[in-house]
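Peer 1: Return atomic coordinates for the entry below.
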Amino acid sequence: MQKWFITLLVGLTLAVGSSMVWAATSEQPLNDADALQGVSEGKVVFDIGMSNPQTLPLYLKVIAQTHADLVRQKVKPTIVLAFHGGAVKLISANREAFPMDQHSFLEEIASLLADLQKKPGVRMEVCGLATKLFGVDNATILPGIKVVGNTFVSLTGYHAQGYAAIPIY
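Peer 2: Residues are numbered from 1 along each chain as shown. Alright, predicted model coming up:
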């Protein structure tokens, strides 16, 4: 009987403590002031090679939150999403290569990308070399995504221009 009571007491203590921590952190947004000291522009290129349609939406939501967090902290976002590898199939209007149960994820990806494109400072590009290698017709690439020759060349250029590269695989 005592073990049951102690287990219940510990569980309640953890639940109340967790609620207090959640309430304290949700009252005031966390900041990145140390890292952003003296930074007026956040230049980042998201190097997207992920080919999983079920996982990419989560990362696109995090990218949108990153944009919002930069703006909230008075840093001008300059963001490029660079798609290559198997990711090129996820940003094509042609969904024939995917089973029907994955089409809802592809629709979500298209919607999230369209929303991201509306945000100031966001651009998107896709690797023309990868579309050729993966058999994706450039005419089927979702609107607003620029086909470039080779995103590895792009990534090299963005790095030389001072962009932070964040890989998403």
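Peer 1: And for the residue lying closest to Gly85 once chain neighbours are set aside, the neighbour number?
Peer 2: Excluding its sequence neighbours, the residue lying closest to Gly85 (C-beta to C-beta, 6 or more residues apart in numbering) is Gly49, at 3.9 Å. Where C-beta positions appear, they are placed from N, C-alpha and C, glycine not excepted. Other residues near Gly49 come to 17 when the count uses other C-beta atoms under 10 Å.
Peer 1: Now do the contacts for Gly49.
Peer 2: Gly49 makes contact with Phe83, His84, Gly85, Gly86, Ala87, Pro167, Ile168, Tyr169, according to C-beta atoms under 8 Å, 6 or more residues apart in numbering.
Peer 1: Next one: it from Phe98, what distance?
Peer 2: Here the criterion is C-beta to C-beta, to the nearest Å. By it, Gly49 lies 17 Å from Phe98.
Peer 1: what about the protein, any weak spots by pLDDT?
Peer 2: 1-26 (pLDDT under 70).
Peer 1: what ranges do the helices span in it?
Peer 2: Using DSSP state H, the helices of the chain run over 2-27, 33-36, 56-72, 103-117, 128-133, 151-160.
Peer 1: Quick one: residues in contact with the second one.
Peer 2: Here helix 33-36 makes contact (C-beta under 8 Å, 6+ apart) with Gly42, Gln73, Val75.
Peer 1: Kindly report the same for the fifth one.
Peer 2: Contacts with helix 128-133, where a contact means C-beta under 8 Å, 6+ apart, come from 83-85, 87-88, 136-138, 141, 147-151.
Peer 1: let's see it at 6 Å
Peer 2: His84, Gly85, Val88, Asn138, Val147, Gly149, Asn150 (C-beta atoms under 6 Å, 6 or more residues apart in numbering).
Peer 1: Kindly present those residues as TSV, with separate columns for neighbour count.
Peer 2: Below are these laid out as TSV (neighbours: other C-beta atoms under 10 Å):
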residue	neighbour count
His84	24
Gly85	17
Val88	29
Asn138	13
Val147	16
Gly149	11
Asn150	13
